[in-house]
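Novice: coordinates for the following, if possible.
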Amino acid sequence: MGSSSEQEHLNRILVDYLNSIHETLQVLDQTAASSLEKVSWNQVVQVGEQLSREATMVGMLWTGEKPQVKSLEEIMASFFNTLQGFLLLAHGSTVGAGPTLASCIHTSAKQVVDRSFTLMKESVSSFGSLSGKHTLPIPELVGSVWESCSALKKTPSTNVTAIGRAMTQVTVSIKDVLREMKELKEASSDPREEINDEAPGEGDGMQESDADVDADDLGNDLSPEDMKIAQATSVVVSEILVVINKLIRSIVGLLKQETQGALVNSVDSLERLVKFCQHVETQIEELGACLYPPQEIPVMKTALGKISATIDEIQVGLEQIGGSSEDFVQACTNLKSLMRQLDLELGCSNAIDLVSHIESLGV
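Specialist: Below you'll find the model as predicted:
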């Protein structure tokens, strides 16, 4: 075969393999039937290690001269056969998996597939280049496949572990929002600073557009009333973190007790707790966005109401799996007290805004 026909031949083979893997990957969109035998995650990891070795073989094809068509065909067949087996085992590991664990498995498997595709596409594309040069370094792409396969070892293998990590991720996200809240600043009352801020436009007769405003200045112009609300909100969010951390500790405590078996059988209850925590996270992000001037008080009050209702649901859910404690209940009580105080602050702010609006109308 000529160079052009060889390239077309390899492209056809590659497309067939890619389509086949895509079809198998779609199977992972659904968890495996409970009637099937569950595959150990260790088996998935082992096949991932085999795929890493296959990727190494792909890389070795390009360490010298341009490889022969037959050599590339053979390595493609072996590589995609291993990848296909990997996906089937990954699907088998979802037997009995709840939504959170299934999502973790799907994400890890998809990353392996995506990086494998990139490596093989580049290998075939490089074959068609007369110079044999690669738009992306083959060794780097091989390393990318290694990383995705190695990451399989860190993928949760049980529902409880996956749920625990999901809850921990919620606390990480909330901490990020809290940090941003604490970085908000009151507008300067020093008139000299205001003059300095206006100075750049005076010399050349040009005015700075909204698009040119430094992003670092965002959140540095809160009024005293706005700042008071921002500080009260950050106190509430800090207490929400306390509640969620105590929730996580309660679940960990249950795992260390004789009730572990009961917990494993309460996956649905644990999944609901995760959803509740994620819902609280969403509302906290809403609160954080509303703190920038002009503050959206009605939206904040709505978010607070949703958080309060969700905290009630969390208390009920933890009680149902036997994990509630006086410490946790007290944290929830403290949180609700702080939320009521913030709600009152927001009500007062609304009244002040209304008076200011009426005065501006000259009434």
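
Novice: and the residue nearest the centre of the chain, what element?
Specialist: Nearest to the mean C-alpha position of the chain, by C-alpha atoms, centre = their mean, lies residue 169 at 7.7 Å. Using DSSP states H and E, residue 169 sits within helix 159-182.

Novice: cool, residue 45 as well?
Specialist: helix 41-60.

Novice: before we move on, back to that, any idea of the mean pLDDT in the helix holding residue 169?
Specialist: Confidence for helix 159-182, expressed as mean pLDDT, is 95.

Novice: which of the residues in it are buried?
Specialist: Of the residues in helix 159-182, 159-160, 162-167, 170-171, 174, 177-178, 180-181 count as buried by neighbour count, 16 or more other C-beta atoms under 10 Å. C-beta here means a position set from N, CA and C on the backbone, and glycine is covered the same way.

Novice: one more: stretch 22-37?
Specialist: Within stretch 22-37, the residues that count as buried by 16+ other C-beta under 10 Å are 24-25, 28, 31-32.

Novice: ditto for stretch 149-162
Specialist: Buried residues in stretch 149-162, counted by 16+ other C-beta under 10 Å: 149, 152, 155-157, 159-160, 162.

Novice: what's the answer for stretch 289-307, then?
Specialist: The neighbour-count check on stretch 289-307 (16+ other C-beta under 10 Å) flags 290-292, 295-297, 300-301, 303-304, 307 as buried.

Novice: same question, stretch 325-334
Specialist: So for stretch 325-334, counting by 16+ other C-beta under 10 Å, buried means 328, 331-332.

Novice: closest one to residue 108 out of those, please.
Specialist: Nearest to residue 108 out of the buried residues of stretch 325-334 is residue 328 (C-beta to C-beta; 32.3 Å).

Novice: thought that closest one was touching residue 248?
Specialist: No: the pair residue 328 / residue 248 is not scored as a contact, 10.5 Å apart, by C-beta atoms under 8 Å.

Novice: where are the low-confidence patches of the stretch 201-350 of the chain?
Specialist: Judged by pLDDT under 70, the stretch 201-350 of the chain has its weakly predicted residues at 201-219, 258-265, 349-350.

Novice: where along it do the strands fall?
Specialist: Counting by DSSP state E, counting those that start in this stretch, the stretch 201-350 of the chain forms no strands at all.

Novice: need the contact partners of stretch 88-97.
Specialist: 24, 27-28, 31-34, 36-41, 43-44, 47, 101-102, 105, 108-109, 157, 159 (C-beta atoms under 8 Å, 6 or more residues apart in numbering).

Novice: inside helices: which ones of those?
Specialist: Judged by DSSP state H, the contacts of stretch 88-97 include 24, 27, 41, 43-44, 47, 101-102, 105, 108-109, 159 as members of helices.

Novice: make a ChimeraX selection of the buried ones in these.
Specialist: Buried residues among the ones in helices among the contacts of stretch 88-97 (16+ other C-beta under 10 Å), as a ChimeraX selection:
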select :24,41,44,47,101,102,105,108,109,159
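
Novice: could the ones in helices among the contacts of stretch 88-97 go into TSV alongside distance to residue 224?
Specialist: Formatted as TSV, these follow (distance: C-beta to C-beta, whole Å):
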residue	distance to residue 224
24	61
27	59
41	55
43	62
44	57
47	62
101	48
102	49
105	51
108	49
109	53
159	49
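
Novice: spell out, range by range, the helices that occur in the stretch 151-300 of the chain.
Specialist: In the stretch 151-300 of the chain, the helices defined using DSSP state H, counting those that start in this stretch lie at 159-182, 191-198, 200-204, 224-255, 260-264, 267-290, 297-320.

Novice: out of these, which is closest to residue 81?
Specialist: Across the helices of the stretch 151-300 of the chain, closest to residue 81 is helix 159-182 (C-beta to C-beta), at 29.1 Å.

Novice: helices or strands up against the closest one?
Specialist: Contacts defined by 3 or more C-beta pairs under 8 Å, 6 or more residues apart in numbering; DSSP states H and E place helix 159-182 against helix 99-127, helix 224-255, helix 260-264, helix 267-290.

Novice: how about TSV for the ones you listed, with distance to residue 91 added?
Specialist: Formatted as TSV, the helices and strands packed on helix 159-182 follow (distance: least, C-beta to C-beta, whole Å):
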stretch	distance to residue 91
helix 99-127	8
helix 224-255	27
helix 260-264	21
helix 267-290	19
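
Novice: which of those sits closest to residue 15?
Specialist: helix 99-127 (9.6 Å).

Novice: follow-up on the earlier one: out of the helices of the stretch 151-300 of the chain, which is closest to residue 55?
Specialist: helix 159-182 (26.9 Å).

Novice: distance from that closest one to the middle of the chain?
Specialist: 10 Å (C-alpha atoms, centre = their mean, to the nearest Å).
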